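Enquirer: quick one, structure for this:
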Amino acid sequence: MSTDRSSAWHAQRRCGLRVAFAVSIGFTASVHAGAVLPFLAPMFAAQFLLASARPLPPAKTIGAALVILAAGVVMMELTRVLGDRPAPFLLLLGLVYFICFVMQSTGRGGPAIFLVLIVAILAPLFGILNNELASSILSILVTGILSGTALMWLAHAVFPEPHGPDEDDVRAIERPPAMLHALANTAILLASVVICLTSDNLTAAAVIPITVASLLKQLDIADSARSAFGLVLVNLFGGILASVAYTLLMFRPNLLSMFLIVLVTALVLGGRAAARSKDSAMFAGALTTFLIIFGLGVSPLPGSSAETFATRIVYVACALVYALLLAALLWPRAPAPKALSHTGVLTE
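Expert: So this is what the prediction gives:
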């Protein structure tokens, strides 16, 4: 038993180190290169690394990248053709979200499904809200996908996994599709996208819908109101960490300071996210929140510098509370378990 615990701890440590390495290197390199959305590449890399203890095989890697790329092309074309016709545009956008949530509910698709969802959120929002970004958002997404994939392979090369039985197939449990659940998630996410489209605020558009999608993914593992509230607090903690990190960066605004700040934060959050426990999803969500908020603080995104960190954290808090409350209202109730009477007969 102690041998199993020791093996699990070492596996968690290796995965945590890979995540911290990929996130810190990817984030710093993206900022140095002047990326408009420097959080994309490290966020993609973290999703790939946390999904499996071993690197994706080349065929799966290429397949996932092509699926995400195809989603970006389709979403940009959809935005170009129907962007000025709200009704059909939102209907098709909702259909894409619904398919993604159905796939998530079955346990299939791995991290690629969540990344497709991120692309389906960012591409239309940025394509409509900013004309300058509309023509370049696809190249931004492609760069993020390719960079995230390269970071995944680099992290595995630096911190390789010992040869042994692959447990990923055992952990991946396929479930029947939860249609009503996916429909409720679609309504929640689509409403947040509509709010951002009408507010004409790029920072809110980058923060709120992704936070909502991330929390909806995490809420699937919450088994009580207390654990759901814990998810909200941990995700909000990721935004507060980003504010503290940015304040520390202002004392020494250089790439080395940025690298060390992101590395330490990713070691803490990524290490907990790498654990094979029910809490891992919430720390992965907190890492996503941290990367988005901190990335917007150092991003050349038009208008992002005008938003204070306090405002961005308010956006995160509003998105978390919004998703939690609507999930409580719209998610289908699980049927009450049947109990045995003293005679052994099932009762309602």
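
Enquirer: going forward, measure contacts and count neighbours with C-alpha atoms only.
Expert: Noted.

Enquirer: not counting sequence-adjacent ones, nearest residue to Gln104?
Expert: Nearest residue to Gln104, sequence neighbours excluded (Cα to Cα, 6 or more residues apart in numbering): Ile113, at 6.9 Å.

Enquirer: does the one you found touch Val102 like I think?
Expert: No: assessed by Cα atoms under 8 Å, Ile113 is found out of contact with Val102, at 9.8 Å.

Enquirer: would you map the strands across the chain?
Expert: Counting by DSSP state E, the chain has strands at residues 339-340, 346-347.

Enquirer: and the contacts of stretch 202-210?
Expert: Residues outside stretch 202-210 that contact it (Cα atoms under 8 Å, 6 or more residues apart in numbering): 118, 121-122, 125-126, 129-130, 189, 192-193, 196-197, 292-293, 296, 302-304, 307, 312, 315-316, 318-319.

Enquirer: can you select the buried ones from those residues in ChimeraX?
Expert: To isolate the buried ones among the contacts of stretch 202-210 in ChimeraX, judged by 16 or more other Cα atoms under 10 Å, type:
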select :118,121,122,125,126,129,189,192,193,196,197,292,293,296,304,312,315,316,318,319
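
Enquirer: list the ones among the contacts of stretch 202-210 that fall in helices.
Expert: 118, 121-122, 125-126, 129, 189, 192-193, 196-197, 292-293, 296, 312, 315-316, 318-319 (DSSP state H).

Enquirer: give me the phi and psi for Glu161.
Expert: phi -90, psi 130 (degrees, to the nearest 10).

Enquirer: check it and give its pLDDT.
Expert: On pLDDT, Glu161 comes in at 77.

Enquirer: so who does it touch?
Expert: Applying Cα under 8 Å, 6+ apart, the residues near Glu161 are 11, 14, 53-54.

Enquirer: can you pull the contacts of the closest residue in space to Ile292 that isn't next to it in sequence?
Expert: Nearest residue to Ile292, sequence neighbours excluded (Cα to Cα, 6+ apart): Phe39, at 5.7 Å. With contacts defined as Cα under 8 Å, 6+ apart, the neighbours of Phe39 are 27, 30, 291-292, 295-296.

Enquirer: which residues touch the residue nearest to Gln104?
Expert: Listed by Cα under 8 Å, 6+ apart, the contact set of Ile113 reads 100, 103-104.

Enquirer: from Gly107, how far off is it?
Expert: Ile113 is 10 Å from Gly107, where distance means Cα to Cα, to the nearest Å.

Enquirer: cool, and Ala286?
Expert: For Ala286, the distance to Gly107 - Cα to Cα - is 21 Å.

Enquirer: Met258 too?
Expert: 36 Å.

Enquirer: so for these two, which sits in the more crowded spot?
Expert: Taking neighbours as other Cα atoms under 10 Å, Met258 and Gly107 compare with Met258 leading, 22 against 15.

Enquirer: surely the more buried one and Leu249 touch.
Expert: Yes: counting by Cα under 8 Å, Met258 touches Leu249, with 6.3 Å between them.

Enquirer: show me which of the contacts of Glu161 are buried.
Expert: In the contacts of Glu161, burial by neighbour count holds for 11, 14, 53-54, counting by 16+ other Cα under 10 Å.

Enquirer: now, which of the residues you listed sits nearest Glu77?
Expert: Nearest to Glu77 among those, counting by Cα to Cα, is Arg54 at 34.7 Å.

Enquirer: how about the closest one: what's its closest non-neighbour residue?
Expert: Nearest residue to Arg54, sequence neighbours excluded (Cα to Cα, 6+ apart): Glu161, at 6.5 Å.

Enquirer: what's the answer for Cys15, then?
Expert: Ala274 (5.8 Å).

Enquirer: so how far is Gln12 from the one you found?
Expert: According to Cα to Cα, Ala274 and Gln12 sit 5 Å apart.

Enquirer: distance check, Ala281 against His181.
Expert: 19 Å.

Enquirer: these two: which is more packed in?
Expert: Ala281 (25 against 19).

Enquirer: could I get the contacting residues of that one?
Expert: Contacts for Ala281 (Cα under 8 Å, 6+ apart) come out as 218, 273.
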